[in-house]
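> Attaching a predicted model along with its sequence, questions to come.
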Amino acid sequence: MKTRNILAVVLIAITCLLSLSCEPVVERAREEFGGRNLAGTWYVNGDPNQRAEIVSTRGGLEARNEKGDSSRLTVERDGDIRALDWEGGLRGDVSRDRIDWSNRSTWTREPSRR
C-alpha cells in the first residue's frame, strides 16, 4: 500500500514538472506560424474602426472578428489557416502581415491610412 502511494506521488510530481517546463514551448507554438506570431490585433480591410484579433487559448488559437464572433483556428499543411466555426471552415491565406480570407475580406496588422 505504501509503495502505491509513493508511486502515485512521484508520478504526480513528474507530471507537474513536465507540464510546467513544456507549457511555454507549447504556448509559443500555438501562437506562431511560419516564424510569424499570429496573435494580436488585426484590422478588417484595413479599417481602423473594425478591429479583430487572434488570441491564444488553452485549446489553441482563436480568432475574433470585428463583431465579436469567435472561431477556433487551425493551421493547414499548405500554409493557410482555417476558422473552423465560420462559414463552414473559412480559409485564410497568411502572407507577412496580412490574412486574405476566402470570403474576400482581409485582415491587416496595421490600419490603412485614409
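Thanks, I have it. Numbering: from 1, shown residues only.
> okay, CA-based contacts and neighbour counts for the rest of this
Will do.
> who's the residue lying closest to Ala39 once chain neighbours are set aside bridged to?
Setting aside the residues directly before and after it, Ala39 is nearest to Ile54 in space (C-alpha to C-alpha, 6 or more residues apart in numbering), at 4.6 Å. Following DSSP bridges, Ile54 is listed with bridge partners Gly40, Ala63.
> From Gly68, how far out is Ile54?
Applying C-alpha to C-alpha, to the nearest Å, the value for Ile54 to Gly68 is 11 Å.
> next one: Val94
Where Gly68 is concerned, Val94 sits at a distance of 21 Å (C-alpha to C-alpha).
> Asn49 too?
With C-alpha to C-alpha as the criterion, Asn49 and Gly68 are 13 Å apart.
> which residues of this protein fall in helices?
2-31 (DSSP state H).
> Spatially central residue in it, please.
Closest to where the C-alpha atoms of the chain average out (C-alpha atoms, centre = their mean) is Leu61, at 2.0 Å.
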